[in-house]
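K.L.:
when you get a sec, could you give me coordinates for this:
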Amino acid sequence: MSTLPAGTADHVDPARLPTLVRAAQRGDALAMQELLAALTPYVGRLAGPIALDDGQDAAQEALIVIFTSLRQLKEPAALFGWARAITVREAVRVARKASRARPAELDDVPDRGDPQLSADVRDVLERLTPEHRAVLTLRDLEGLDEQAIGELLALPAGTVKSRLFRARRSFRKEWDR
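P.N.:
Numbers count the residues shown, from 1 in each chain. Prediction:
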């Protein structure tokens, strides 16, 4: 039995996932629709912090790649890990393409739980490179270790570790601005 990322259990039973993927790979429209319902929130949650304002576009691009490449997936139980790799790659690509840097100033840091806090965090993320947003998202949102992040991004674990260090340092520097 495979474990599914948070928020996807409502859409698909983990025990049915391999059967569902195989049916979708054969072109079953209902199976594809069910997979889309399961993958969309997950892909959106990953793409948003990396591609920021273009998060929805990045999620859509990732879903297109996932579904056009679905027949290449050899192990159906690996669907979410495979989709994660595609999503991160597409989100970084879309963010690079947009290449917008909108510096903003943080006057007062809000209290924890204040809705302004998430807006401020997003503002700081906007000032980081897509690569830095990707490693921060994978490490701090997804909880992946350096080795897993390296496999997803096709980087050595040492490079991921140094990129994560620089991303956190940049985040702190921008936060303190």
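
K.L.:
CA atoms for contacts and neighbours, from now on please.
P.N.:
Will do.

K.L.:
residue 144: helix or strand, and which one exactly?
P.N.:
For residue 144, there is no helix or strand it lies in under DSSP states H and E.

K.L.:
pretty sure it contacts residue 138?
P.N.:
Yes - between residue 144 and residue 138 there is a contact at 5.8 Å, judged by CA atoms under 8 Å.

K.L.:
the more surrounded of those two?
P.N.:
Using other CA atoms under 10 Å, the more surrounded residue of residue 144 and residue 138 is residue 138, with 22 against 15.

K.L.:
hang on, that one packs against residue 147?
P.N.:
No - the criterion here is CA under 8 Å, and residue 138 misses it with residue 147 at 11.3 Å.

K.L.:
quick check: buried residues in the one helix or strand residue 163 maps to?
P.N.:
Using DSSP H and E, residue 163 sits in helix 157-176. Using 16 or more other CA atoms under 10 Å as the test for burial, helix 157-176 gives 157, 160-161, 163-164, 167-168, 170-171, 174-175.

K.L.:
nearest to residue 33, of these?
P.N.:
In terms of CA to CA, no member of the buried residues of helix 157-176 lies closer to residue 33 than residue 160, at 35.1 Å.

K.L.:
the closest one and residue 135: what is the separation?
P.N.:
Counting by CA to CA, to the nearest Å, the separation of residue 160 from residue 135 is 7 Å.

K.L.:
centre-most residue in the protein?
P.N.:
The centre of the chain sits closest to residue 46, judged by CA atoms, centre = their mean, with a distance of 2.2 Å.

K.L.:
now that one: phi and psi?
P.N.:
phi -80, psi -40 (degrees, to the nearest 10).

K.L.:
contacts only, for it.
P.N.:
84, 87-88, 137 (CA atoms under 8 Å, 6 or more residues apart in numbering).

K.L.:
now those as CSV including pLDDT, secondary structure and neighbour count?
P.N.:
Below are the contacts of residue 46 laid out as CSV (pLDDT from 0 to 100; DSSP: H, G, I helix; E, B strand; the rest coil; neighbours: other CA atoms under 10 Å):
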residue, pLDDT, secondary structure, neighbour count
84, 94, helix, 22
87, 95, helix, 28
88, 93, helix, 29
137, 86, helix, 20
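
K.L.:
and of those, the nearest to residue 97?
P.N.:
residue 88 (14.1 Å).

K.L.:
helices of the protein, start to end?
P.N.:
For the chain, helices defined by DSSP state H occupy the ranges 17-25, 29-51, 55-68, 79-98, 115-126, 130-136, 146-153, 157-176.

K.L.:
show me where this protein dips below the pLDDT cut-off.
P.N.:
Residues of the chain meeting the criterion pLDDT under 70: 1-12, 99-118.

K.L.:
what touches both of residue 160 and residue 135?
P.N.:
In contact with both residue 160 and residue 135: residue 149, using CA under 8 Å, 6+ apart.
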